[in-house]
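> Could you work out the structure for the sequence below:
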Amino acid sequence: MKNRRLKSYSATLLVVTLCAWSQGPLAAHEAYGKAADEPRQTAVDEQERKLVEITADYQLAVAPLIQRACADCHSGDTQYPWYSMMPGVSQWIKNDIEEARKHIEFSNGYPFQSHATPLEDLIAVEKSVRDGTMPPLRYRIMHSKARLNEQEKKRIIDWARRGQRMLQNEGVARAAESAE
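Here you go, the predicted structure:
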């Protein structure tokens, strides 16, 4: 076993040395580096471009709605209501906010801080808005500004779906590259 590894290592070393000697050491190193890094760098650049595009759409169309309806619980910009100082209620509100921030935080825009991937966050945002589970009813009752009308819901859902399509296409492309 050791002998086989040694022969394999020696053969690899010989090939690399011959390539370096025939083309010059710098050319061989540069060619290897470019060949190995190009596909990975292209994929990273493409993902960054998609995230930038989704972020730009977020800032233009969705951020004001998220700020108005979600930021009190899902960001560091909580505006505590007058009743938050009442005993019992203050602990309940504090726990709700801590739990909300564990799941997703909108403080720094998209991609959000969360325990999920950017794609999973888009899916969760779409589902929560579509199903009406966010903002929660008990919050909407006391905070009319947090209510989203149908047009606002549609704007958030459309943004989340566009972002999902972009990121899912990336996943399909990556899977195809891996299969090759």
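> Quick check: closest non-adjacent residue to the residue nearest the centre of the chain.
Centroid check for the chain by Cα atoms, centre = their mean gives Pro118 as the closest residue, at 2.2 Å. Distances taken as Cβ to Cβ, 6 or more residues apart in numbering put Pro111 closest to Pro118, at 4.2 Å, once the chain neighbours are dropped. Where C-beta positions appear, they are placed from N, C-alpha and C, glycine not excepted.
> Verify the contact between that neighbour and Leu119 for me.
No. Contact criterion Cβ atoms under 8 Å: Pro111 and Leu119 do not qualify, at 9.6 Å.
> Can you show me the strands along this structure?
Secondary structure of the chain (DSSP state E): strands located at 104-105, 113-114.
> what about the last one, average pLDDT?
The reference is to strand 113-114. Strand 113-114 carries an average pLDDT of 92.
> Parallel or antiparallel, list what pairs with that strand.
Strand pairing for strand 113-114, determined by DSSP bridges: strand 104-105 (antiparallel).
> about what we covered before: for the strands of the chain, which one sits closest to Glu48?
strand 113-114 (18.0 Å; Cβ to Cβ).
> List of residues touching that closest one?
By Cβ atoms under 8 Å, 6 or more residues apart in numbering, the surrounding residues in contact with strand 113-114 are 103-105, 107, 120-121.
> Just send the residues you listed back as a markdown table, with pLDDT and distance to Gln47 too.
Shown next, in a markdown table, are the contacts of strand 113-114 (pLDDT from 0 to 100; distance: Cβ to Cβ, whole Å):
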| residue | pLDDT | distance to Gln47 |
| --- | --- | --- |
| His103 | 90 | 23 |
| Ile104 | 93 | 20 |
| Glu105 | 93 | 21 |
| Ser107 | 91 | 22 |
| Glu120 | 96 | 15 |
| Asp121 | 96 | 15 |
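> Highest neighbour count among these?
The residue in those with the most neighbours, by other Cβ atoms under 10 Å, is Asp121 (23 neighbours).
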